[in-house]
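> Sequence isn't available, so here's the structure alone:
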């Protein structure tokens, strides 16, 4: 039996996965267990949970795949290190991180008693990103594109994917990075938490890109076919800048004080400035992204594209990609960021043993609970009314009626999603027709900024009827799409101010329970959509029944469905 453990460790969004005999059977982020968002470190609890899900013993693991290779890009890395990091504290951080990577085997043996003859595979960071999409796509030949902040000294990689093989052809090296640019600009307007980039995406449509020219002239500069950063406005390349790769990521300012002078320091806290700045940053990002895509098209290696890396989560920019008529097929995985690097590394190693591009596309790779396992959790709570149903059809009937009555529902089913987006197994659901539902959920349940939109989950067969024409399936909420004008009034709650929605196309074969709930709602309303947002309240997505019930009790969620139980507050 071949059992491959995939890891993203000592990096934000630390995670683990397991492939057993060419089948991806489990994957989970450490944050879902320790409840610290974007947690960075060694994902020991994720490893244990994957073993539990797969029902195997740690001694059965034959290989460990890690989404980094210390030897990658060694020449440009060494030259930059010598020129920039011999003085200052940065070199200490780099050396510590390098030692952790090369001592992973010992750590695994010490922590979970792995066999000493275990095989350790170090996979280049962007190779793992590309693998995380390519080997799930089912596409034989494609151009691979990976864009992120930085990994193994590279921030962008273009590769050729063909006959189960991936070969990186071109790269952009640190410190130039489209991901770093976006993170720095996110910090600059006050969104300081790691991973807050989606807030700029949500805020951008409210503003005007009045700073676009100055950003493209002074900060993010087109350079030939690609781009470069004006490093005068950044700190990430400096000899004393420390990247915190343990616990809760809490980056120091990536932008330098010169940014404050460029945009007039007094305006930073002004909401009108933030809207216009967010709009300008998003447009600048999209401008460079389009140049990169056009370069890929010019190479004309394939009319298929697989896209990964943290920047592949910029769903607003991805609209340009999915509407580009050059591409026949585009695939973006459910976890294109660093968490998915664990899957990519494991898939890459699995493919070296036995070529297989038919891995399951399901994102539901995390913890699940049977009705019998749920019952003990329910006994801990006195103030609730419980209903248990033997036929799930009864539940969909009741819940679709509650949604029509403008109730907000917690939906907890099957295996937890892997990746940053709730896709119908750990979701908060509501009627998309309501014009005020967004404000209700933002203020009373999610406790978050009022400008942030919610996603439409739509029956797959209706997507072309409701959203502008394209051939992209969009099963993982990878891109926003424009709702058709004649449908907009029927989907106020999931239509952003610019007419877009980050669509999830729900297919019955991927998630039959969620599909049938939406279908029940459609039969009663003629609207084949539900509002879908992640089941949490300023925390990682809930994993256990206990976490789901606690969220129900402390927020204004009206009812909770956990497998065959419906729970309401007394």
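Now that the structure is in, tell me what you want to look at. Worth saying up front: this structure is predicted, and the values here are computed from it rather than measured.
> Quick check: what element follows the longest helix belonging to the chain along the chain?
As assigned by DSSP state H, the longest helix anywhere in the chain is helix 271-299. Sequence-wise, the next helix or strand downstream of helix 271-299 (DSSP states H and E) is strand 304-308.
> Show residues contacting the helix or strand following that next one.
Next along the chain after strand 304-308, taking DSSP H and E as the criterion, comes helix 318-322. In this structure, residues lying in contact with helix 318-322 by Cβ atoms under 8 Å, 6 or more residues apart in numbering are 286, 289-290, 293, 305, 307, 312, 327, 330, 332, 470-472, 474, 478-482, 500. In short, each C-beta sits where N, CA and C put it, glycine included.
> residues of helix 318-322 that come out buried?
318-319, 321-322 (16 or more other Cβ atoms under 10 Å).
> pLDDT and distance to residue 147 added to the residues you listed, as JSON lines?
Below are those laid out as JSON lines (pLDDT from 0 to 100; distance: Cβ to Cβ, whole Å):
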{"residue": "318", "pLDDT": "98", "distance to residue 147": "11"}
{"residue": "319", "pLDDT": "97", "distance to residue 147": "16"}
{"residue": "321", "pLDDT": "95", "distance to residue 147": "11"}
{"residue": "322", "pLDDT": "95", "distance to residue 147": "16"}
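> Now, of the contacts of helix 318-322, which are buried?
Using 16+ other Cβ under 10 Å as the burial test, the contacts of helix 318-322 include 286, 289, 293, 305, 307, 312, 327, 330, 332, 470, 472, 474, 478-482, 500 as buried.
> possible to save the buried residues of helix 318-322 as JSON lines with distance to residue 424?
Shown next, in JSON lines, are these (distance: Cβ to Cβ, whole Å):
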{"residue": "318", "distance to residue 424": "20"}
{"residue": "319", "distance to residue 424": "22"}
{"residue": "321", "distance to residue 424": "24"}
{"residue": "322", "distance to residue 424": "21"}
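> ok, the residues you listed vs residue 384, which is closest?
residue 318 (40.9 Å; Cβ to Cβ).
> Which residues are in contact with residue 228?
176, 221.
> Residue ranges in the stretch 251-400 of the chain under the pLDDT threshold?
Where the stretch 251-400 of the chain drops to pLDDT under 70, the residues are 265-267, 355-358.
> Would you verify that residue 244 is located in a helix?
No. Using DSSP: H, G, I helix; E, B strand; the rest coil, the secondary structure at residue 244 is coil, not a helix.
> right, and it touches residue 38 too?
No. Residue 244 lies out of contact with residue 38 (Cβ atoms under 8 Å); the separation is 10.9 Å.
> Looking at those two, which one has more neighbours?
Using other Cβ atoms under 10 Å as the criterion, residue 244 and residue 38 rank with residue 38 on top: 23 against 14.
> tell me the secondary structure for that one?
coil.
> who's in contact with it?
Residue 38 makes contacts with 12-13, 31, 194-195, 248-249, as judged by Cβ under 8 Å, 6+ apart.
> Go through those residues and say which is closest to residue 103.
Lowest distance from residue 103 to those (Cβ to Cβ) belongs to residue 12, with 20.0 Å.
> re the thing from before, same for the longest helix of the chain, what does it pack against?
Counting contacts by 3 or more Cβ pairs under 8 Å, 6 or more residues apart in numbering; DSSP states H and E, helix 271-299 packs against strand 141-151, strand 154-162, helix 178-188, helix 197-203, helix 212-218, strand 220-223, strand 226-229, helix 318-322.
> most tightly surrounded among these?
Among the helices and strands packed on helix 271-299, ranked by average contacts under mean count of other Cβ atoms under 10 Å, first place goes to strand 141-151 (a mean of 25).
> That one to strand 304-308, inter-axis angle?
For strand 141-151 against strand 304-308, the angle by axes from the mean of the first three to the mean of the last three Cα atoms, to 10 degrees is 20 degrees.
> Just checking: what are the partner strands of strand 141-151?
Counting by DSSP bridges, the strands paired with strand 141-151 are strand 154-162 (antiparallel), strand 304-308 (parallel).
> what about the ones you listed, which gets the closest to residue 22?
Nearest to residue 22, of all these, is strand 154-162, at 18.5 Å by Cβ to Cβ.
> If you compare the directions of the closest one and helix 271-299, what angle comes out?
40 degrees.
> right, and the helix or strand after strand 154-162?
Immediately after strand 154-162, counting by DSSP H and E, sits strand 165-173.
> And that next one, what does it pack against?
Judged by 3+ Cβ pairs under 8 Å, 6+ apart, the packing partners of strand 165-173 are helix 125-137, strand 154-162.
> Now do the longest one, average pLDDT.
What that stands for is helix 125-137. Averaging pLDDT along helix 125-137 gives 97.
> okay, the angle between it and strand 141-151?
If you take the same axes, to 10 degrees, helix 125-137 sits at 140 degrees to strand 141-151.
> name the helices or strands packed onto helix 125-137?
Under the contact definition 3+ Cβ pairs under 8 Å, 6+ apart, helix 125-137 sits against strand 141-151, strand 154-162, strand 165-173, strand 304-308, strand 329-332, helix 338-353.
> With respect to residue 444, which of those lies nearest?
helix 338-353 (29.3 Å).
> which parts of that closest one are buried?
For helix 338-353, by 16+ other Cβ under 10 Å, it's 338-351.
> gap between that helix and the chain center?
Relative to its chain's centre, helix 338-353 lies at 17 Å (Cα atoms, centre = their mean, to the nearest Å).
> Identify the residues contacting stretch 391-409?
For stretch 391-409, using Cβ under 8 Å, 6+ apart, the contacting residues are 389, 411, 428-431, 434, 437, 440-441, 445, 513, 516-517, 519-521, 524-525, 530, 556-561, 564, 566.
> Give me the buried entries from those residues.
With neighbours counted by 16+ other Cβ under 10 Å, the contacts of stretch 391-409 contain buried members at 389, 411, 428-431, 434, 437, 440-441, 445, 513, 516-517, 519-521, 525, 530, 557-561, 564, 566.
> Among those, name the ones in helices.
Applying DSSP H to these, the entries found in helices are 437, 440-441, 513, 516-517, 519-521, 525.
> Residue 185: which of these is nearest?
residue 441 (27.1 Å).
> on that earlier part again, quick one, which of the helices and strands packed on helix 271-299 is nearest to residue 492?
Closest among the helices and strands packed on helix 271-299, using Cβ to Cβ: helix 197-203, at 16.4 Å.
> So which elements touch the closest one?
helix 178-188, helix 271-299.
> I'd like to know which of the ones you listed is closest to residue 62.
With Cβ to Cβ as the criterion, residue 62 lies closest to helix 178-188 of those, at 33.7 Å.
> ok and the closest one relative to helix 271-299, angle-wise?
With the same axes, to 10 degrees defining the directions, helix 178-188 sits at 180 degrees from helix 271-299.
> model confidence over helix 178-188, on average?
Helix 178-188 carries an average pLDDT of 97.
> One more: stretch 507-524?
98.
> Could you dump the helices and strands packed on helix 271-299 into CSV with distance to residue 235 added?
What follows is those, written out as CSV (distance: least, Cβ to Cβ, whole Å):
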stretch, distance to residue 235
strand 141-151, 14
strand 154-162, 16
helix 178-188, 8
helix 197-203, 18
helix 212-218, 16
strand 220-223, 16
strand 226-229, 11
helix 318-322, 29
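> rank the ones you listed by mean pLDDT and give me the bottom one.
Ranked on mean pLDDT, the bottom entry among these is strand 220-223, at a mean of 92.
> Name the residues linked to residue 305 by a beta bridge.
Going by DSSP bridges, residue 305 forms beta bridges with residue 143, residue 330.
> could I get the helices and strands packed on helix 125-137 as CSV with distance to residue 398?
Listed next are the helices and strands packed on helix 125-137 as CSV, based on distance: least, Cβ to Cβ, whole Å:
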stretch, distance to residue 398
strand 141-151, 43
strand 154-162, 46
strand 165-173, 48
strand 304-308, 40
strand 329-332, 35
helix 338-353, 35
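> Give me the residue at the spatial middle of the protein.
The geometric centre of the chain, computed from its C-alpha atoms, lies nearest to residue 420 (Cα atoms, centre = their mean), at 3.6 Å.
> My assumption is that that residue lies in a helix; please confirm.
No. Assessed with three-state DSSP, residue 420 is coil; it does not lie in a helix.
> No further questions, thank you.
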